[in-house]
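> When you get a sec, could you give me coordinates for this:
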Amino acid sequence: MCRILPVAILAFIGLLTACSSAEPASVASTKEPVPTSEATPVQTPRPTGVSYSIEGQPFGVGPTVSPTPIPIHHPPPYTVAIEAGHGGPSWWGSSAYHDGQRYIEKDLNLDMALRLNALLLDRGFNTILLRDGDYTLLPFDGASYRPSFTTETQARVDLANEAQADIIISLHFNGSTVSSIGGTETYYNPDRSFGNESHNLASFVHDAVLRALGEIEGYSVRDRGVRNDAEVGGDPANAHSYLLGTNRRFRPSLMPGIIAEPLFMSDSENLAVIVHDAHRQRLAEAMAEGIAAYFEWLWPVG
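Numbering: from 1, shown residues only. I've put the predicted structure just below:
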């Protein structure tokens with residue numbers, strides 16, 4: 001079953017990536033958020049069929065650390081929370097041109113999420129899409145970038161927690177101001193109570209993606225490794241990402257998780273792979289294979 005659930009929204013967040021509503025001269029790194037030029041908040045659509053409300057404690061109040069109440073080691077069925085990074089009119093992510101056509105990360109992330117969702121459903125998993133269209137769960141004010149992207153990330157984490165998802169996977173395509181930087185990297189948090197599970201999830205998915213990229217004629221695989229999500233950054237007092245960490249004034253995710261960055265949009269060789277539907281389908285298949293391998297490791301049958 002695939003669900004989008006109602007959410008309790010709070011406080012101070014932040015994920016990754018760059019965003020600009022102006023035509024970029026170059027692609028900014030997904031590690032350093034950049035304010036947009038949008039001056040007014042944008043009211044974005046709600047997911048269809050969702051009873052949506054803002055509940056919970058006042059802004060800035062909430063647990064610093066939460067133990068996970070979600071059982072990790074159990075037999076199937078399993079629920080996978082899929083987060084398509086960015087979304088809506090003011091949160092684009094990276095952007096690049098190929099053969100005169102502009103490609104925007106938020107759209108490609110959603111494309112990958114929908115492909116992965118269908119593949120996981122076919123494999124018998126339950127899924128929750130944290131967005132299934134071009135919107136944010138909360139109004140996103142490009143002129144107040146940091147607060148907007150932190151509260152939006154909290155909303156998405158809350159959805160995954162309410163669904164009692166067994167894992168969360170965040171899908172992105174990378175970007176850098178240095179166009180020669182390319183390759184595949186996957187982030188996880190080693191410092192959670194389920195850090196070992198997150199590492200294994202990251203490794204299974206990462207290795208499957210590398211194998212899939214190796215099948216593409218003319219593409220030279222560049223393995224940037226399974227990496228600590230402290231490189232992504234969150235609260236300065238706790239450098240791990242908001243999506244996967246235990247940052248102050250933030251209800252943390254309560255399950256193993258990864259941030260997948262299969263290729264760089266800012267690298268011309270990488271982008272030439274990304275733009276093909278067949279290649280994105282193969283990447284989604286690889287991610288599904290990696291997720292299935294993780295759960296086979298978690299709960300071996302026989």
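> residue closest to the middle of this structure?
Nearest to the mean C-alpha position of the chain, counting by CA atoms, centre = their mean, stands S170 at 2.0 Å.
> So that one: helix, strand or coil?
strand (DSSP: H, G, I helix; E, B strand; the rest coil).
> Let me know the distance separating it from A143.
25 Å (CB to CB, to the nearest Å). (Glycine included, C-beta is placed from N, CA and C.)
> Ramachandran coordinates for D223?
Reported as degrees, to the nearest 10, the phi and psi values for D223 are phi -90, psi 110.
> List the residues that contact it.
By CB atoms under 8 Å, 6 or more residues apart in numbering, the contact set of D223 is 183-184, 210.
> Let me have these in JSON lines, extended by secondary structure and pLDDT.
Formatted as JSON lines, these follow (DSSP: H, G, I helix; E, B strand; the rest coil; pLDDT from 0 to 100):
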{"residue": "G183", "secondary structure": "coil", "pLDDT": "98"}
{"residue": "T184", "secondary structure": "strand", "pLDDT": "98"}
{"residue": "L210", "secondary structure": "helix", "pLDDT": "98"}
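> For the helix or strand in which P147 is found, what does the pLDDT average out to?
If you go by DSSP states H and E, P147 is part of helix 145-162. For helix 145-162, mean pLDDT is 93.
> which parts of it are buried?
Across helix 145-162, burial judged by 16 or more other CB atoms under 10 Å covers 145, 148-162.
> Wait, L120 touches V80, no?
Yes - contact criterion CB atoms under 8 Å: L120 and V80 qualify, at 5.6 Å.
> quick one: which of the two has more around it?
V80 (28 against 23; other CB atoms under 10 Å).
> any idea which helix or strand carries that one?
Element membership of V80 [criterion: DSSP H and E] is strand 79-84.
> who's in contact with V275?
By CB under 8 Å, 6+ apart, V275 lies in contact with 98-99, 101, 103.
> Filter those residues down to just the ones in strands.
98, 101, 103 (DSSP state E).
> how close does the last one sit to N196?
Read that as Y103. From Y103 to N196 the distance is 36 Å (CB to CB).
> If you count surrounding residues, which of the two has more?
Of the pair Y103 and N196, Y103 is the one with more neighbours under other CB under 10 Å, namely 16 against 13.
> got a winner among the contacts of D223 for most neighbours?
Counting by other CB under 10 Å, top hit in those: T184 with 24 neighbours.
> what pairs with that residue across the strands?
Using DSSP bridges, the bridge partners assigned to T184 are D223.
> before we move on, what about I258?
I169.
> ok, now which ones touch it?
So I258 contacts 167-170, 186-188, 198, 201-202, 205, 244 (CB under 8 Å, 6+ apart).
> 7 Å instead, please
Shown in contact with I258 (CB atoms under 7 Å, 6 or more residues apart in numbering): 169, 186-188, 198, 201-202, 205.
> what about H73, neighbour count?
Around H73 there are 9 residues (other CB under 10 Å).
> what does H276 give?
Neighbour count for H276, taken as other CB under 10 Å: 11.
> for S180, same thing?
Neighbour tally, S180, other CB under 10 Å: 10.
> Sticking with it, tell me its helix or strand.
Element membership for S180, per DSSP H and E: none, as it lies in no helix or strand.
> picking up where we left off before, what pairs with the strand holding V80, and is each one parallel or antiparallel?
Applying DSSP bridges to the sheet, strand 79-84 is found paired with strand 126-129 (parallel), strand 167-171 (parallel).
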